[in-house]
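J.: structural data only, the sequence is not supplied:
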């Protein structure tokens, strides 16, 4: 894991501005990777829920249509 304290490391180790900037970029890349992983998990969860509710909704609609126009209608 990339250390978040780039400024302190730059002072302690005598880094130049380029190396310090690379450190900051590495920290940002690491953080964005974590965010993207969490977003992928959320996207999968939402997609699964949409499929489940779509199936439930289609089933309810099919049962209502069958009840209204099928053999189950009462006179």
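T.: Sure, I can see it. Worth saying up front: this structure is predicted, and the values here are computed from it rather than measured. Residues are numbered from 1 along each chain as shown.
J.: quick one: contacts of the least confident helix or strand in the chain by mean pLDDT?
T.: For the chain, the helix or strand with the lowest mean confidence is helix 6-13, at a mean of 84 (criterion: mean pLDDT, DSSP states H and E). Applying CB atoms under 8 Å, 6 or more residues apart in numbering, the external contacts of helix 6-13 come out as 3, 15, 19, 20, 23, 24, 27. Heads up, the C-betas are built off the backbone N, CA and C, glycines and all.
J.: of all those residues, which two lie farthest apart?
T.: 15 and 27 (13.9 Å; CB to CB).
J.: which residue ranges form the strands in this protein?
T.: Under the criterion DSSP state E, the chain carries no strands.
J.: for it, what's the longest helix?
T.: Scanning the chain for the helix with the most residues, using DSSP state H, yields helix 17-69.
J.: gap between that helix and the chain center?
T.: 4 Å (CA atoms, centre = their mean, to the nearest Å).
J.: could you do stretch 9-23 as well?
T.: 33 Å.
J.: low-confidence ranges in the protein?
T.: Within the chain, the stretches with pLDDT under 70 are 1-3, 71-75.
J.: now do 50
T.: 1, 73 (pLDDT under 50).
J.: rewinding a little: how much does the longest helix of the chain deviate in direction from helix 6-13?
T.: 160 degrees (axes from the mean of the first three to the mean of the last three CA atoms, to 10 degrees).
J.: now for helix 17-69, which elements pack on it?
T.: Applying 3 or more CB pairs under 8 Å, 6 or more residues apart in numbering; DSSP states H and E, we find helix 17-69 packed against helix 6-13.
J.: could you pull out the buried residues of the helix it packs on?
T.: Buried residues in helix 6-13, defined by neighbour count with 16 or more other CB atoms under 10 Å: 6, 10.
J.: what's the spacing between the residue nearest the centre of the chain and residue 30?
T.: The centroid of the chain falls nearest to residue 39 when counting by CA atoms, centre = their mean (1.8 Å). Remark: distance between residue 39 and residue 30 (CB to CB, to the nearest Å) = 15 Å.
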